[in-house]
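> Generate a structure from the sequence data that follows.
(2 chains)
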2 protein chains.
Amino acid sequence: MKNIKISLLGLGVVGSKLLDYVRENGSELSRRLEVQLSIDKVFVRDVAKRRAVDVSDLILTNDPYEAVKDGDIVVECLGGSGAQQTREIVLSAIKAQKAVIMSSKKCLALYGREITDAVRENQTYFRYDATVGGCIPVSSVLESMGKCEKINKIYGICNATSNYILDEMQNNSTYASALQKAKEKGFAENDPGDDVDGFDALYKSVILAGFGMGHWIDCDTIAPTSIKSITAEDFCKARQKESAIKPIFSVENKDGRYSCFVGPSAVSRDSILASVKGSNNMIVISSSESGERAFYGQGAGAKPTASAMFDDLVKTIKEIRH
Amino acid sequence: MKNIKISLLGLGVVGSKLLDYVRENGSELSRRLEVQLSIDKVFVRDVAKRRAVDVSDLILTNDPYEAVKDGDIVVECLGGSGAQQTREIVLSAIKAQKAVIMSSKKCLALYGREITDAVRENQTYFRYDATVGGCIPVSSVLESMGKCEKINKIYGICNATSNYILDEMQNNSTYASALQKAKEKGFAENDPGDDVDGFDALYKSVILAGFGMGHWIDCDTIAPTSIKSITAEDFCKARQKESAIKPIFSVENKDGRYSCFVGPSAVSRDSILASVKGSNNMIVISSSESGERAFYGQGAGAKPTASAMFDDLVKTIKEIRH
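Predicted coordinates for the structure are as follows:
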């Protein structure tokens, strides 16, 4: 029976939840996949910090390279900040032929071409489902569907914070009170800049285009529109036209020319995108033979994100166990 | 390089379209997956019949067992009639350890437990994506997602004919004229009984519960409600309540007790199900950690169905090539 060791990078809300799932399901998974699964080392910035999750049986280290060294699968839950450091850790793991599961979308969007090139060159395994669409199994969908067709366009709603705020404003909240409510509900971070100004959605658009269309867009070439640009008058006009204003992203391939848009747009009240409420996401994939397919689910929260990473973990174990 | 031979059962609209896809993409697929892919024999009821698709380089036979004999992958496109004969052919192929890709939902719903038991006993490969949800990659979704969670409920809209007819009736058509229009658009068969009376949706519900929840419901124990039971007054009432009447299916697991409903129901105009128009389907999967996830796409037509089967073919080749 093959030993498979997991290196866990980061023990924030997502990393801790993932640890729960591995502890709850690890032995059943080991039995079913005929492997011996264990958590090897865990990288945290502060080893001494008190934590909500039990770490008594874990080896914590504040050296990410030490955490990666003996693992077979590196699970990155480092969060949004420090994209440059995350890139270095991830690339070093790939070059050491570790399988890597990522969750940091900013890092993947900025360095996606370099990372996927390294994966190919080092013939290792890589998964990224938690970087985009929360619990929507979008990486499995992209890699398993449409083998006889061409994806022309990927669009939809991929930012829970902005979608929640615009929905509240539609119901006559001000931007400030909607943002406050989003923070109270855990749908907005203390610094919501990346979400409301569209950069978070831009990163996800870039990742979807990278894996779905094989084209890595340079983030610096796209200027997203902030939802702060929307006024009460815009909502009034939209209502008169039986429309709703939603935070839309769109990447399109027209004969090899790629365009990308991120910003608030009016959509018909009867459209599938208008039905996406609160913290949910919807990713629509338009392709040559099957037309439009859409994938919907919670876009935020530790449970859906960690569940997506656990599924990535299962798929990775299946690939490397032999 | 391994030779992989496909036995194709049936050359109707779906089988013919699939043949197109294999011809267009087969050599690229062979190269990428490092196999030698070929169509071995094709079962048709009438060998002499003139066909829209070129069959000059194919071996046609009216003996299904002859068609299956030398193939590695059996692709079943036999359509709705003859579920008992389809069962026999499929079971004989599984017992001969062929990989099988099915499209006939009635057969799979009626004999799903027997078929999946045979697949397990004979340690072969089986895929069924074309039986439910048209081009929605639902089998991949079910087998790849939620490994650390429990699926409690699967529901939604999975009959394009009924959905189209109810949408038309919502806009003041009579049942008869809506059905006529559906036929003209290719969304309804000459005998639409299985669709409008809910049996088609029942078969799909049973398949989703079988693969998603591991429980095979006996079709005979569930009585679907026909959409013909809906009156103009029902639509009027629904409109007053800002609702729409949609053809809903639902399978629920409450602590090991399974319930199944198929029939027209009112849903809020702002819900995701209300946004599913015309010939589209939506399958909603509700699970313990991730809440509701929904999958949407065209539910009818040769192209989406054959594309789903082509994806099944690619996955099967990946499994059996070594």
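
> what about residue A:47, which SS state?
Residue A:47 falls in the coil class when you classify it by DSSP: H, G, I helix; E, B strand; the rest coil.

> Pretty sure it sits against residue A:61.
Yes: at 6.9 Å, residue A:47 counts as touching residue A:61 under the criterion of CB atoms under 8 Å. In this view, the C-beta of every residue, glycine as well, is placed from N, C-alpha and C.

> Those two: who's more crowded?
Neighbour count, other CB atoms under 10 Å in any protein chain shown: between residue A:47 and residue A:61, residue A:61 has more, with 17 against 13.

> contacting residues for the nearest residue to residue A:105 once chain neighbours are set aside?
Ranked by CB to CB, 6 or more residues apart in numbering or on different chains and with sequence neighbours excluded, the top spatial neighbour of residue A:105 is residue A:131, at 4.1 Å. Contact analysis of residue A:131 by CB atoms under 8 Å, 6 or more residues apart in numbering or on different chains lists A:102, A:103, A:104, A:105, A:108, A:203, A:204, A:207.

> any idea how far residue A:311 is from residue A:33?
13 Å (CB to CB, to the nearest Å).

> likewise residue A:65?
According to CB to CB, residue A:65 stands 28 Å off from residue A:33.

> higher neighbour count, these two?
Neighbours per residue (other CB under 10 Å) separate residue A:65 from residue A:33, with residue A:33 holding more: 16 against 13.

> pretty sure that one is touching residue A:320, no?
No: counting by CB under 8 Å, residue A:33 does not reach residue A:320; the two are 10.3 Å apart.

> how many neighbours does residue A:176 have?
Neighbourhood size, residue A:176 [other CB under 10 Å]: 8.

> Next, give phi and psi for it.
Dihedral pair for residue A:176: phi -60, psi -40, per degrees, to the nearest 10.

> quick one: contacts for it?
Residues counted as contacts of residue A:176 (CB under 8 Å, 6+ apart): none.

> if I look at it, how far off is residue A:263?
Per CB to CB, residue A:176 is found 20 Å from residue A:263.

> For the host helix or strand of residue A:100, name the packing helices and strands.
Residue A:100 belongs to strand A:99-101 when assigned by DSSP states H and E. Counting contacts by 3 or more CB pairs under 8 Å, 6 or more residues apart in numbering or on different chains; DSSP states H and E, strand A:99-101 packs against strand A:73-76, helix A:83-95, strand A:126-127, helix A:302-320.

> for chain A, which helix is longest?
Determined from DSSP state H, the single longest helix within chain A is helix A:13-33.

> Check the average confidence over it, would you?
When pLDDT is averaged along helix A:13-33, the result is 94.

> Could I get the buried residue list for it?
Across helix A:13-33, burial judged by 16 or more other CB atoms under 10 Å in any protein chain shown covers A:13-22, A:25-26, A:29-30, A:33.

> Okay, strands next: where are they in the stretch 101-250 of chain A?
In order along the chain, the stretch 101-250 of chain A carries the following strands (DSSP state E, counting those that start in this stretch): A:126-127, A:151-157, A:243-254.

> Report the buried residues of the second one.
Put plainly, it is strand A:151-157. Of the residues in strand A:151-157, A:151, A:153, A:154, A:155, A:156, A:157 count as buried by neighbour count, 16+ other CB under 10 Å.

> Enumerate the residues of the stretch 201-322 of chain A near chain B.
Contact residues, the stretch 201-322 of chain A versus chain B (CB under 8 Å from any CB of the partner chain): A:269-272, A:274-277, A:289-298, A:303-304, A:306-308, A:310-311, A:314-315.

> In stretch A:287-299, which residues are buried?
Residues of stretch A:287-299 classed as buried by neighbour count (16+ other CB under 10 Å): A:287, A:289, A:290, A:291, A:292, A:293, A:294, A:295, A:296, A:297, A:298, A:299.

> same deal with stretch A:207-218?
A:207, A:208, A:209, A:210, A:211, A:212, A:213, A:216, A:217.

> quick one: that stretch to chain centroid distance?
In terms of CA atoms, centre = their mean, to the nearest Å, the gap separating the centre of stretch A:207-218 from the centre of its chain is 14 Å.
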